[in-house]
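> model this:
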Amino acid sequence: MLNEMLILMRQELGLIILMLLLLLMKLGKDRSNVSILGFIHICLFINLLLGFTFFERGGFLFGGMFNSAPFLTVFKSILNLALLLISLQSHDWLSKHDHLIEFYVLLLTSLLGMDLMISSGNLLLFYLGLEMSTIPVAAAANFDLRKRNSAEAAFKLIISSAFSSGLLLLGISFFYGATGSLTIEEASHMVNSEPLQVLSFVLVLAGLGFKISAVPFHWWTADVYEGSPVAVTSFLSVVSKSAAVFVLVSFLFRIYYSIGEVWTIALSVLAVITILVGNLFALRQDNIKRLLAFSSIAQVGFILVAVISGSVQAVTAVVFFLLVYVFSNLAAFGVVSVIASATGKEKVSDYAGLSRSNPALAWIVAIALFSLAGIPPTAGFFAKFFLLMEGASSGNFWVVAIAAANMVVSFYYYLRLVKVMFMDEAAEPIEKLSITWETKLSLYVCTVGIVLTGVVGVVYDKLFALISGN
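Okay, here's the model as predicted:
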């Protein structure tokens, strides 16, 4: 039993050990933030490597409450990679912060909760993991302690999270009342189109809709993204959202698959309004964090387009898109973090002439935006192509047509920032910035990932093999 736990929960145990070590360091003698950051980066890299050991192993723990499978381990590794990249990108900001260890304990606790959510075989463990993943991030959102809008972001996040968790818990309660079980494998065989079970699905969808920022549950997103420190915004945009999307897809396919006719209609409507609202609001944003917030909302709509088909290929397309999304969004937010840390500038207009003072940063942002827009030959083009193809395979051509048309609309606000960086003149241009090697490494990894993930077809094929069990 102990050996099985050490293997199947190796990533979760790695996070717990790292948190314990950080707490011991907090109690011990003072160390410089730079040395602590170096230690944390090494530990996060080791935990990432743990995901690729015992790769073929899968199994159950605690009476089926905790499940492990190769494709679940791969997805957790994607989240671990994202946290490592965020940590490297935020080196400058974190090296000057008075509460460095507390910040990492919060993010590591949140990531641990996400891992438990992803591997949960019981709705009780799922809900506990959900709360563990949410509350620490709300505290982290207030880590710009001297800024009022950071406290406001934390307040809005905790209020919206409490409301969505209430809806989700009510849905789980109705589900338990209708099936008599909280075990996912057992209860999934009892799901049907009875009104109480449909109501439970609607409430669960609404609760997870808040977590993924699907319209009309998106109202908190832009304000929280703008007010939070860039590191927390990156974590919310990439790690939290990716985990919530994966859990939603898992619920649809593991629990509610037998009522596919119900959630197909619901997701079709959600996909359309999410893409439309995300794009239309992104058009008028000048703050780059708000622009990327509404961009991330629109991206969720594209994910829902693929999920409608209800196939294994759809799950593969979603996971592949999330991997590309990690590289693309973190490349953009990485540059935002560098500039915000050095100058405090976060407006689109502040990036005028960036290509002349900091050409490398400008090109990294441009490549990231091309990928988010779905422009070839970046990986974002292939990721969105797979999503739309899966949507078309389900016969929902009207949804695919609206999504494709909105891809053209999104070109405007993505390319507007590219135009500002490469063509506009600035009255007060951003000076030449000195960047640490940790930040450079993170940005280069993201950029290479954007290019290679799309070109190297083996990535998609490997994901499909893991998810389909072949």
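
> Now do Phe281 against His218, distance only.
Using C-beta to C-beta, to the nearest Å, Phe281 is found at 9 Å from His218. Backbone N, C-alpha and C define where each C-beta goes, glycine included.

> I'd say Leu85 and Gly334 touch.
Yes: assessed by C-beta atoms under 8 Å, Leu85 is found in contact with Gly334 at 7.5 Å.

> For these two, indicate the residue with more neighbours.
Gly334 (30 against 26; other C-beta atoms under 10 Å).

> Could you measure from that one over to Leu88?
With the distance defined as C-beta to C-beta, Gly334 ends up 8 Å from Leu88.

> Common neighbours of the two, please.
Listed as contacting both Gly334 and Leu88 by C-beta atoms under 8 Å, 6 or more residues apart in numbering are Thr439, Ser442.

> about what we covered before: overlap in contacts of Phe281 and His218?
Jointly contacting Phe281 and His218 under the rule C-beta under 8 Å, 6+ apart are Ile297.

> quick one: the closest residue to Ser296 other than its chain neighbours and Phe464, what's the gap?
In space, Ser296 comes closest to Ser237 once its chain neighbours are excluded; the distance is 5.2 Å by C-beta to C-beta, 6 or more residues apart in numbering. Counting by C-beta to C-beta, the gap from Ser237 to Phe464 is 26 Å.

> what does Ala401 give?
With C-beta to C-beta as the criterion, Ala401 and Phe464 are 26 Å apart.

> which of the two has more neighbours?
Remark: of Ala401 and Phe464, Phe464 carries more neighbours, 18 against 13, as counted by other C-beta under 10 Å.

> pLDDT at the more buried one, what is it?
We have a pLDDT of 81 for Phe464.

> One more: the one 4 residues further on?
Here, the pLDDT recorded for Ser468 equals 74.

> Pretty sure Asp30 sits in a strand.
No: judged by DSSP: H, G, I helix; E, B strand; the rest coil, Asp30 forms no part of a strand; its state is coil.

> if I pick it, what's in contact with it?
By C-beta under 8 Å, 6+ apart, the contact list for Asp30 is empty.

> Can you report the mean pLDDT over the residues of the helix or strand where Leu415 lies?
Taking DSSP states H and E as the criterion, Leu415 maps to helix 397-423. When pLDDT is averaged over helix 397-423, the result is 88.

> And for stretch 149-158?
If you average the pLDDT over stretch 149-158, you get 83.

> Please put the alpha-carbon coordinates of that stretch into PDB.
What follows is stretch 149-158, C-alpha atoms only, in PDB (Å, rounded to 0.1, in the frame of the first residue of the first chain):
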ATOM      1  CA  ASN A 149      -6.800  47.300  -6.500                       C
ATOM      2  CA  SER A 150      -4.900  44.100  -5.400                       C
ATOM      3  CA  ALA A 151      -7.100  43.900  -2.300                       C
ATOM      4  CA  GLU A 152     -10.200  44.500  -4.400                       C
ATOM      5  CA  ALA A 153      -9.200  41.700  -6.800                       C
ATOM      6  CA  ALA A 154      -8.800  39.300  -3.800                       C
ATOM      7  CA  PHE A 155     -12.200  40.300  -2.500                       C
ATOM      8  CA  LYS A 156     -13.900  39.800  -5.800                       C
ATOM      9  CA  LEU A 157     -12.200  36.500  -6.300                       C
ATOM     10  CA  ILE A 158     -13.200  35.100  -2.900                       C
END
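
> which other residues reach that stretch?
The contact list for stretch 149-158 (C-beta under 8 Å, 6+ apart) reads 135, 137-139, 141-144, 220, 223-229.

> May I see the PyMOL selection of the buried members of these?
Only the buried entries of the contacts of stretch 149-158 go into this PyMOL selection, using 16 or more other C-beta atoms under 10 Å:
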select buried, resi 135+137+138+139+141+142+143+144+220+223+224+225+226+227+228+229
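
> The closest residue to Thr378 other than its chain neighbours is in what secondary structure piece?
Nearest residue to Thr378, sequence neighbours excluded (C-beta to C-beta, 6+ apart): Ser371, at 3.9 Å. Ser371 belongs to helix 359-373 when assigned by DSSP H and E.

> tell me what that helix is packed against?
helix 312-343, helix 354-357, helix 379-393, helix 397-423, helix 437-455 (3 or more C-beta pairs under 8 Å, 6 or more residues apart in numbering; DSSP states H and E).

> Could you list the buried residues of the last one?
Within helix 437-455, the residues that count as buried by 16+ other C-beta under 10 Å are Glu438, Thr439, Lys440, Ser442, Leu443, Val445, Cys446, Thr447, Gly449, Ile450, Thr453, Gly454.

> Next secondary structure element downstream of that helix?
For helix 437-455, the succeeding helix or strand toward the C-terminus, using DSSP H and E, is helix 458-468.

> So what's the gap between that next one and the chain middle?
Computed by C-alpha atoms, centre = their mean, to the nearest Å, the chain-centroid distance of helix 458-468 equals 20 Å.

> Return the alpha-carbon coordinates of it using PDB.
In PDB, the C-alpha atoms belonging to helix 458-468 read as follows (Å, rounded to 0.1, in the frame of the first residue of the first chain):
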ATOM      1  CA  VAL A 458       4.100  13.300 -32.200                       C
ATOM      2  CA  VAL A 459       2.800  15.500 -29.400                       C
ATOM      3  CA  TYR A 460      -0.800  15.200 -30.500                       C
ATOM      4  CA  ASP A 461      -0.400  11.500 -31.400                       C
ATOM      5  CA  LYS A 462       1.100  10.700 -27.900                       C
ATOM      6  CA  LEU A 463      -1.700  12.600 -26.100                       C
ATOM      7  CA  PHE A 464      -4.300  10.700 -28.200                       C
ATOM      8  CA  ALA A 465      -2.600   7.400 -27.400                       C
ATOM      9  CA  LEU A 466      -2.600   8.100 -23.600                       C
ATOM     10  CA  ILE A 467      -6.200   9.300 -23.500                       C
ATOM     11  CA  SER A 468      -7.600   6.500 -25.600                       C
END
